[in-house]
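K.L.:
Next come a sequence and a model predicted from it.
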Amino acid sequence: MNLNPDKFLNQLFQTAVDAAHPQYTLNKYLPEDTTGRCLVIGAGKAAASMAQALEQSWKGELTGTVVTRYEHGAYCKKIEVIEASHPVPDDAGLNFSKKVIELTRNLNEDDQVIVLLSGGGSSLLSLPAEAISLEDKQHITRALLKSGAPISEVNCVRKHLSAIKGGRLAKACYPARVTTFAISDVPGDDPSSIASGPTVIDPTSSKDALDILQKYDIIPPAAVFNWLNNPKSETVKADEPSLEKCDYHLIATPQDSLEAAAKLAKEQGITPLILGDLEGESRDVASVHAGIARQIHKHGQPAKMPCLLLSGGETTVTVKGNGRGGRNAEFLLALADNLKGHPGIYALAADTDGIDGTEDNAGCLMTPDTYQAAKGLGLDSGKYLENNDGYGFFKKLDSLIITGPTRTNVNDFRAILILDN
């Protein structure tokens, strides 16, 4: 097979990103009649590109505002684009959220609101609930991000500390009609978890939020503890009448990206195995992937070579060291440490938003030569893993993948290529 593994893995990643970009996905979900007037509200890493795609297709009057992560903006003629901090909220996100609440005042039943949501919206929609300060939310967010809690638990807490998430935005827009277009970045594509579900009912409770903080030994500020024990902290439930005027459309999912990559693999004569969108500690997920890859290479099970393992979702990292690196760098470092230069196995792990955690890389690339090349430079993969320093490890090997912001986000993309060589 005449295949450049590194080039092919990068091709797969770009294919996965393109499959989730609103430029290619939003238009087919819009109504036939787009001549009406509507207010646009958006939040997430893809919010600006979603607004841009909407402007290109909408024939009627558009006004409104969206917020995205710093450096993830896109040019819009009619819709204001604001940039704010992610994953820890800041004043820019707070001021945006206040503006959104003002825009929803005095809407009537003839008004139409389009809400554009994508991953990252939880921290960007940062208006705290009453009696809670932005500093309180920042403290809790940092603690949760270091704890290794899965995104579903992080967002459960975020919703109950918010004045806008957990269905509250839809409630604020009532009696206007609300249509949400969302790009999923969460395992299972649960609308109540995407951007913490500002326009849908929330099945979790304030008690759940308290239990999560206790589970990870996070001691909340007194204001947070008191608020979560207040009945007013409950999110919007199924009996809320305002939700009857809301529609919700997923315009891109992790599965779409995995299937696009699988299609490309088939065209190259490579058997793809889609493992799904996964959660769990990055290094544990890496260990499982390594085991499957070795079984394929040695025994041709559960598929013959050449074979491609594909997975997405959002892993977590329980931070104990002082190194740099997001969950994809951690995954790939753990994979390299586990495989120890096993022949015929190549891998890429990257975040489809172009930013792995808070670093400047999307992810990293691993080859059968990675482990020995590292040893030659005096790099101990086990020690780097202990220090959560995947970024530092792969930077010294010149194996970082740097794309810049992609302006979409269906979370992690992992591709492991197993060849008979």
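P.N.:
Received it, and whenever you're ready, just let me know what you need.
K.L.:
Give me the pLDDT for the nearest residue to Leu365 once chain neighbours are set aside.
P.N.:
Nearest residue to Leu365, sequence neighbours excluded (Cβ to Cβ, 6 or more residues apart in numbering): Ser399, at 4.9 Å. C-beta here means a position set from N, CA and C on the backbone, and glycine is covered the same way. At Ser399, the predicted lDDT confidence score is 98.
K.L.:
Please apply the same query to Asn10.
P.N.:
98.
K.L.:
where along the stretch 301-421 of the chain do the strands fall?
P.N.:
Taking DSSP state E, counting those that start in this stretch as the test, the strands found in the stretch 301-421 of the chain are 307-313, 345-351, 363-366, 400-401, 412-418.
K.L.:
Correction: the previous question concerned the stretch 1-150 of the chain.
P.N.:
38-43, 62-69, 80-84, 112-117.
K.L.:
Could you export those strands as TSV, including mean neighbour count, distance to Ala303 and mean pLDDT?
P.N.:
Shown next, in TSV, are these (neighbours: other Cβ atoms under 10 Å; distance: least, Cβ to Cβ, whole Å; pLDDT from 0 to 100):
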stretch	mean neighbour count	distance to Ala303	mean pLDDT
strand 38-43	27	40	97
strand 62-69	24	38	97
strand 80-84	19	44	97
strand 112-117	26	36	97
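K.L.:
which residues are contacting the longest helix along the chain?
P.N.:
In the chain, assigned by DSSP state H, the helix with the most residues is helix 282-299. Under the criterion Cβ atoms under 8 Å, 6 or more residues apart in numbering, residues 275, 278, 301-305, 307, 309, 311, 315-317, 327-328, 330-332, 334-335, 338-339, 342-345, 347, 385, 414, 416, 418, 420 lie in contact with helix 282-299.
K.L.:
domains of the protein?
P.N.:
Listed domain ranges for the chain are 5-15+255-418, 21-252 (source: automatic domain parsing).
K.L.:
and the first one, how far out from the chain's middle?
P.N.:
Taking Cα atoms, centre = their mean, to the nearest Å, one finds the center of domain 5-15+255-418 at 16 Å from the center of the full chain.
K.L.:
okay, how far is it across it, tip to tip?
P.N.:
Domain 5-15+255-418 stretches 10 Å from its first residue to its last (Cα to Cα, to the nearest Å).
K.L.:
same deal with stretch 54-68?
P.N.:
16 Å.
K.L.:
and what of stretch 315-323?
P.N.:
18 Å.
K.L.:
Next, the buried residues of that stretch.
P.N.:
Residues 315-317, 323 are the ones in stretch 315-323 that count as buried (16 or more other Cβ atoms under 10 Å).
K.L.:
can you list these in CSV and add distance to Thr141 and pLDDT?
P.N.:
Shown next, in CSV, are these (distance: Cβ to Cβ, whole Å; pLDDT from 0 to 100):
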residue, distance to Thr141, pLDDT
Thr315, 18, 92
Thr316, 14, 91
Val317, 15, 92
Gly323, 21, 87
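K.L.:
Format the residues you listed as JSON lines; extra columns: distance to Cys246.
P.N.:
As requested, the buried residues of stretch 315-323 are exported to JSON lines (distance: Cβ to Cβ, whole Å):
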{"residue": "Thr315", "distance to Cys246": "31"}
{"residue": "Thr316", "distance to Cys246": "31"}
{"residue": "Val317", "distance to Cys246": "35"}
{"residue": "Gly323", "distance to Cys246": "43"}
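K.L.:
ok, those residues vs Thr408, which is closest?
P.N.:
Nearest to Thr408 out of those is Thr315 (Cβ to Cβ; 19.1 Å).
K.L.:
so Gly363 bridges to which residues?
P.N.:
Judged by DSSP bridges, the bridge partners of Gly363 are Ala350, Ile401.
K.L.:
tell me, how many neighbours does it end up with?
P.N.:
Counted with other Cβ atoms under 10 Å, residues neighbouring Gly363 total 32.
K.L.:
List the residues that contact it.
P.N.:
13, 326, 328-329, 332, 348-351, 356, 400-401, 413.
K.L.:
Let's see that with 7 Å instead.
P.N.:
328-329, 348-351, 356, 401 (Cβ atoms under 7 Å, 6 or more residues apart in numbering).
K.L.:
any chance you could map the helices in the stretch 51-200 of the chain?
P.N.:
Taking DSSP state H, counting those that start in this stretch, the helices of the stretch 51-200 of the chain run over residues 91-104, 121-124, 134-147, 151-160, 168-173.
K.L.:
And the third one, what's buried?
P.N.:
What it means is helix 134-147. So, applying 16+ other Cβ under 10 Å, buried residues of helix 134-147: 136-141, 143-145, 147.
K.L.:
Give me the neighbour count for the residue lying closest to Ala373 once chain neighbours are set aside.
P.N.:
Excluding its sequence neighbours, the residue lying closest to Ala373 (Cβ to Cβ, 6+ apart) is Leu397, at 5.9 Å. Number of residues near Leu397 (other Cβ under 10 Å) recorded here: 20.
K.L.:
Who are the contact partners of Leu397?
P.N.:
Neighbours of Leu397 in contact, by Cβ under 7 Å, 6+ apart: 370, 373-374.
K.L.:
Can you tell me which of the residues you listed is nearest Ser192?
P.N.:
Thr370 (39.5 Å).
K.L.:
Contacts only, for Thr104.
P.N.:
172-173.
K.L.:
any idea how far it lies from Leu397?
P.N.:
50 Å (Cβ to Cβ, to the nearest Å).
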